[in-house]
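K.L.:
Fold the stuff below for me.
(one chain, ligands or ions: 2)
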Amino acid sequence: MSPTKLTVLISGSGTNLQAIIDALPTTLPAETNIVRVISNRKAAYGLHRASKANISTKYHNLVSYKKKYENDEKRAREEYDKDLAKMILEDGTDVVVCAGFMHILSEEFLGPLGEGGVSIINLHPALRGQFNGANAIERAHKAFMDGEITQTGVMIHYVISEVDMGEPLLEVPIPLTHPDDDDIAALEERIHRIEHKAIVEGTRLAIEAHWKKRGQ
Ligand SMILES: Nc1nc2c(c(=O)[nH]1)N[C@@H](CN(C=O)c1ccc(C(=O)N[C@@H](CCC(=O)O)C(=O)O)cc1)CN2
Ligand SMILES: NCC(=O)N[C@@H]1O[C@H](COP(=O)([O-])[O-])[C@@H](O)[C@H]1O
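P.N.:
Numbering: from 1, shown residues only. Ligands and ions are numbered 1, 2, ... in the order given. Have a look, this model is predicted:
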């Protein structure tokens, strides 16, 4: 297997990024490296985590694109995504990991990376087809408390245009019970612990599949 270059996209605290960083020497294939961490939010603590691990970082700011294309939000997002894709391709990235990246990626991003043979995966804190989009944990908790569901989960999936509907690499069901899971803060902590394991295993599976597709 060739050395693997990862780019990790974040928006927040970066605990899932940290799980990947911590897994580099042990669980992920040898010669796997994170070449860059990119955040769409300047204050993302994950940028600090990356710097502490001597990983290159970039704050990719959508606001400046919205100012440049002030009356054209669609154009702003397209140009933002084009430049994000260009940056990743220039890094020679093999696998992109969306680890709490709160930005819907357009075809301006997905197209060039697909042509470049770059794999893109995402961590979603729900099961496939369940609570797609943002705030999935809160929505799952409400559905549980309303008696609509008895389980949620964590999924690592390939990223396609339709948000959170790409082919799963890994799904971890999480049964929900009363009163243990009534408290949302405790449930979030429980889900985050599962995420931290799932993101490492999902990244490992994506790396293996990436090189298998290339005959390695
Ligand atoms: N085209 C795709 N883009 C993204 C996917 C995907 O599967 N296909 N996964 C997401 C991650 N994600 C859920 O797992 C997600 C992130 C953000 C949003 C969203 O509504 N974003 C808003 C902005 C919200 C904010 O800034 O707080 C937006 O982009 O307008 C939905 C789902 C990564 N992208
Ligand atoms: N739709 C994507 C989404 O909601 N992702 C969520 O963002 C958080 C990132 O945490 P982190 O910044 O500590 O890794 C994670 O809890 C993950 O479930």
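K.L.:
Up against ligand 2, what does the chain have?
P.N.:
Contacts of the chain with ligand 2, taken as CB under 6 Å from any ligand atom, map to 10, 12-17, 46, 99-100, 123-125, 134, 136, 192, 195. C-beta: built from backbone N, CA, C; applies to glycine.
K.L.:
filter those residues to the buried ones?
P.N.:
By neighbour count, with 16 or more other CB atoms under 10 Å, these hold 10, 12, 14-17, 46, 99-100, 123-125, 136, 192, 195 as buried.
K.L.:
Just the closest of those residues to residue 58, please.
P.N.:
Taking CB to CB as the measure, residue 58 sits nearest to residue 10 out of these, at 10.8 Å.
K.L.:
Phi first, then psi, for the closest one.
P.N.:
phi -140, psi 170 (degrees, to the nearest 10).
K.L.:
Quick check: bridge partners of it?
P.N.:
residue 39 (DSSP bridges).
K.L.:
So it is in contact with residue 34, correct?
P.N.:
No. Residue 10 sits out of contact with residue 34 when judged by CB atoms under 8 Å, with a separation of 11.1 Å.
K.L.:
could you point out the longest helix in the chain?
P.N.:
Ranked by residue count and defined by DSSP state H, the top helix of the chain is helix 184-212.
K.L.:
With adjacent residues omitted, what lies nearest to the residue nearest the centre of the chain?
P.N.:
Centroid check for the chain by CA atoms, centre = their mean gives residue 98 as the closest residue, at 1.9 Å. Nearest in space to residue 98, with sequence neighbours left out and distances taken as CB to CB, 6 or more residues apart in numbering, is residue 122 at 4.0 Å.
K.L.:
Pull up the pairing partners for the strand or helix carrying the one you found, direction included.
P.N.:
Counting by DSSP states H and E, the element that carries residue 122 is strand 119-124. Strand 119-124 pairs in its sheet with strand 95-98 (parallel), strand 151-158 (antiparallel), by DSSP bridges.
K.L.:
Buried deepest among those, which one?
P.N.:
Comparing those by mean neighbour count (mean count of other CB atoms under 10 Å), strand 95-98 comes out on top with a mean of 25.
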